[in-house]
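>>> fold the following, please.
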Amino acid sequence: MVYVPTFYDWRRTIVPNDQFVRAGGEAQSGGMTLGGFLTENPEPGGRAELYMSFPASFTRAQAVTDASWTLSRILNGSIMRVRLFNSVQLLPKAVLNPPLTHGIPWANDEPWANDENWRWNPTAPVGSAAARGASQVAVDMSGFGEVLTLGHVIGFAKDGFDFCHVIMDISYDASDMATLTVSPPLRRAMTTSDRAKFRPSMLVQCRNAREVMGGLRLRRLAALNAAVFVEALV
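Predicted coordinates for the structure are as follows:
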């Protein structure tokens, strides 16, 4: 029997000021060529990292209690599912121009008053099968055009697991099929039934949980310090 840990959703009231996703791979310093030049050797694969910093304090009661819950979870090594907050690492809404099928409309098939659907989640189909551990995957971008570029972050969800990848290289063919080189490599095998997500989530554990707790000022203002998360390999 395979043990699957419990995943806890990051509370959306705990909104970071800053957020950055770093691709997997760590350089190992200390190498030297035969000619005497110092080098660094990249580790293949590695784990993605997520950096977040927060406002000076959270004042809303719900945010304060959510911060209390979150600190308790990360201090105990829990795996958090963090849906990335909007940033320039993600494709902007303007270029996605999503149809209703990229979200959940009301029962009468109408969007919300702001013309968005519930939990807007734009996606694009995977263009061909890719093995687990592969660093390349094809994504059919014909519905959007050549809007993905180097440095954008996309994600995949498979069997209840969520992963994020930084685009390290990209090429398009005449039909806007994008061949992506991603880091870290794929954590699950992909088929043409899967879809790439442009508002992805990732499963992470906090590396510096004890440093994140900033305190409860005046017993009612929650303060959080910067947090460093590492991809949970599950």
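>>> surely Phe144 is in contact with Val95?
Yes - when contacts are counted by C-beta atoms under 8 Å, Phe144 is listed as touching Val95 (6.6 Å). Yep, even glycine has a C-beta here, placed from its N, CA and C like the rest.
>>> between the two, who's got more neighbours?
Phe144 (19 against 13; other C-beta atoms under 10 Å).
>>> what's in contact with stretch 183-192?
Stretch 183-192 is contacted from outside by 23-25, 45-48, 125-135, 137, 156, 158-159, 161, 163, 165-166, 168, 231, 233, using C-beta atoms under 8 Å, 6 or more residues apart in numbering.
>>> repeat the analysis, applying 6 Å as the threshold.
23-24, 45-46, 48, 126, 129-135, 137, 158, 163, 166, 168 (C-beta atoms under 6 Å, 6 or more residues apart in numbering).
>>> any idea how far apart the tips of stretch 219-229 sit?
27 Å (C-alpha to C-alpha, to the nearest Å).
>>> strand partners of the strand ranked longest in the chain, parallel vs antiparallel please.
With secondary structure taken from DSSP state E, the chain has its longest strand at strand 161-172. Applying DSSP bridges, strand 161-172 is found paired with strand 153-158 (antiparallel), strand 177-183 (antiparallel).
>>> check which residues of the shortest one are buried.
Along strand 153-158, the positions that meet the burial threshold by neighbour count (16 or more other C-beta atoms under 10 Å) are 153-157.
>>> what mean pLDDT does stretch 86-100 have?
Per-residue pLDDT values over stretch 86-100 give a mean of 81.
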